[in-house]
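*Asks:* quick one, structure for this:
(one chain, ligands or ions: 1)
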Amino acid sequence: MEKHCLDCGQNIIGRADKKFCDDQCRSNYNNRLRAEDQTTIKKINHILLKNRKILNELNPEGKVKVTKSKLEKDFQ
Ligand SMILES: [Zn+2]
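*Replies:* Numbering: from 1, shown residues only. Below is the predicted model:
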């Protein structure tokens, strides 16, 4: 059965459980996965920071009720 490198797609020759041509391909693949994770984390952190800022502005000192219409009007 032919196996292909997870990074570059070339045929792999060697052990049955080998996933990559070489260390360079393994490194490229893992770096790409890590970069995608970091991008997702940055997006989520940005959303959380924005939400926190909105809630701080609307509720500076305790517990208040904020209507959906106010949120929609002030923070679009
Ligand atoms: Zn490769």
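
*Asks:* nearest residue to the middle of this structure?
*Replies:* T40 (1.7 Å; CA atoms, centre = their mean).

*Asks:* quick check, K50 in a strand?
*Replies:* No: using DSSP: H, G, I helix; E, B strand; the rest coil, the assignment for K50 is helix, not a strand.

*Asks:* which residues touch it?
*Replies:* Contacts of K50 were listed using CB atoms under 8 Å, 6 or more residues apart in numbering, and none were found. In this view, the C-beta of every residue, glycine as well, is placed from N, C-alpha and C.

*Asks:* and the pLDDT for it?
*Replies:* Listed pLDDT for K50 reads 92.

*Asks:* and if you look at Q76?
*Replies:* Q76 is given a pLDDT of 60.

*Asks:* what residues sit buried inside the helix or strand hosting the residue nearest to the centre of the chain?
*Replies:* Assigned by DSSP states H and E, T40 falls within helix 23-58. Judged by neighbour count (16 or more other CB atoms under 10 Å), helix 23-58 contains these buried residues: 25-26, 28-29.

*Asks:* just the residues you listed that are near the ion?
*Replies:* Here is what survives when these are matched to the ion using CB under 5 Å from the ion: C25.

*Asks:* pull the most distant pair out of the buried residues of helix 23-58.
*Replies:* Maximum pairwise distance in the buried residues of helix 23-58, criterion CB to CB, is 7.4 Å, between R26 and N28.

*Asks:* mutual contacts of those two, please.
*Replies:* Shared contacts of R26 and N28, defined by CB under 8 Å, 6+ apart, are found at D7.

*Asks:* hang on, the earlier thing: which other helices and strands contact the next helix or strand along the chain from the helix holding T40?
*Replies:* Counting by DSSP H and E, the next helix or strand C-terminal to helix 23-58 is helix 68-74. Applying 3 or more CB pairs under 8 Å, 6 or more residues apart in numbering; DSSP states H and E, we find helix 68-74 packed against helix 23-58.

*Asks:* great, nothing more from me.
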